[in-house]
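In: turn this into a model:
(one chain, ligands or ions: 1)
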Amino acid sequence: MYGNDFGAPDDPAGQSLLDQVEAAERELRSAAERRLAGDDHLQGYFEAIIEADQKVEPRDWMPDDYRRSLVRQIAQHAHSEIIGMQPEGNWITRAPSLKRKAILLAKVQDEAGHGLYLYAAAETLGVSRDELVELLLSGRQKYSSIFNYPTLTWADVGAIGWLVDGAAIVNQVPLCRCSYGPYARAMIRICKEESFHQRQGFEILHTLAHGTPAQREMAQDAVNRWWYPSLAMFGPPDSDSTHSERSMAWKIKRFSNDELRQRFVDMCVQQASVLTLSLPDPDLRWNAEREHYDFTQPDFDELMQVVKGNGPCNRQRIEHRRRAHSEGAWVREAAAAYAAKRAVREPAGV
Ligand code: FAQ
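Out: As a prediction, this is how the structure comes out:
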């Protein structure tokens, strides 16, 4: 009955289409396990999927370390989207026009949506969203370093869009080819939306850079402050990256931290010239031999300090998140009560 929307005559009474799909999925999973477990082929089967560039799906057997590493990365990514709403959310009430306010509201709302897709992708690995939220709130899971910097002026909203979303795109487009199906599929939609976010940031900076001298100065100051933290988003240098080698062998990551950082710098130089703004690096220059720009690396000691909780806004961000979580408890309760009421009134599939 899998995929068939006509009830079979011998259906157990009351079994909805969704129940049937779930039962068929269960059967499929246990058949795969029966076929493979006895032959001790589980590891080989997993490796063959990776080797063939196919997707590992939730029903497939996977090594514990692969599962753990994915939960770690996807959860951190989801937390980053949610915490990342704060620096820009800070400017919603102060956006300079109704149009800018509406655009910023939509963007911040998109970040919440990204968090939702990512928590849902992590849940397919056997963890619950509640567990992950608790790990964030208790400081046992990380979120991106970048969101521990303050947004001091309206131009910071432009710099976040251009640089932070730009870095996120460079990092995340290869994740659309991640070996784990649910993460890869979530990334496709996220990247499309990030691309719009990046353009809105670019457009804000372009407008400011071509405005009054004070506006231009504000845009340049924001770029100066966000440049190095954006470079640091890509993580420690390859020589210090604990997870890269294994994540790349598993095709979770497709490129190393340093490769992606270089790609980002190469992309930004051209765009900065269109903005008529400069990047705050006196050693930034084209290297004809390497066919890449040489640049000054970010301060990785600062990155590690921020990751450990000692950045300018770490405490404020997590306190704000904890407060929002406890003040939002009634909304979650109301939504759960409503869902339970609907489930009684309208059983699934009816
Ligand atoms: N911040 O061995 P590696 C966005 C940690 S979303 C904090 O190299 P890996 C959208 C790392 O977790 C931005 N921690 O690690 C948006 C590990 O610690 P652990 C988030 C960092 O996983 C825009 C340790 O250092 N994007 O911006 C950072 O191979 C605007 C060793 O590092 C993602 O999460 C850091 N910057 O590579 C939203 C993308 N860097 O876990 C709102 C998915 C490293 O052992 C507004 N994630 N660490 O305790 C990834 O691609 C990877 O996880 C990396 C790190 C590249 C971040």
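In: pretty sure His292 sits against Gln262.
Out: Yes - if you go by CB atoms under 8 Å, His292 and Gln262 touch, sitting 5.5 Å apart. Where C-beta positions appear, they are placed from N, C-alpha and C, glycine not excepted.
In: tally of neighbours for Gly211?
Out: In terms of burial, Gly211 registers 12 neighbours under the definition other CB atoms under 10 Å.
In: what secondary structure does it sit in?
Out: Remark: Gly211 carries the secondary structure label coil [criterion: DSSP: H, G, I helix; E, B strand; the rest coil].
In: that one and the ligand, how far apart?
Out: 23 Å (CB to the nearest ligand atom, to the nearest Å).
In: state the distance from that residue to Ser256.
Out: Here Gly211 is placed at a distance of 39 Å from Ser256 (CB to CB, to the nearest Å).
In: and if you look at Gln172?
Out: Here Gln172 is placed at a distance of 15 Å from Ser256 (CB to CB).
In: helix, strand or coil: sort out the closest residue to Phe234 other than its chain neighbours for me.
Out: Of all residues beyond its chain neighbours, the one nearest Phe234 is Arg261 (4.3 Å), with distances taken as CB to CB, 6 or more residues apart in numbering. Taken by three-state DSSP, the conformation at Arg261 corresponds to helix.
In: Arg261 and Leu231 touch, don't they?
Out: Yes - Arg261 is in contact with Leu231 according to CB under 8 Å; the separation is 5.8 Å.
In: quick check: the residue of the stretch 51-200 of the chain nearest the ligand.
Out: For the stretch 51-200 of the chain, the residue closest to the ligand is Gly84, as judged by CB to the nearest ligand atom, at 2.7 Å.
In: backbone dihedrals for Arg285, please?
Out: The phi/psi pair for Arg285 (degrees, to the nearest 10) reads phi -160, psi 160.
In: correct me, but Asn224 touches Pro280?
Out: Yes - in this structure Asn224 lies within contact range of Pro280 using CB under 8 Å: 4.4 Å.
In: got the residues of the stretch 51-200 of the chain near the ligand?
Out: By the rule CB under 6 Å from any ligand atom, the part of the stretch 51-200 of the chain lying against the ligand is 72-73, 76-77, 80-81, 84, 111, 142, 144-145, 160, 164-165, 168, 171-172.
In: what's the burial count for the residue of the stretch 51-200 of the chain closest to the ligand?
Out: 24.
In: what do you get for Lys99?
Out: With neighbours defined by other CB under 10 Å, the count for Lys99 comes to 9.
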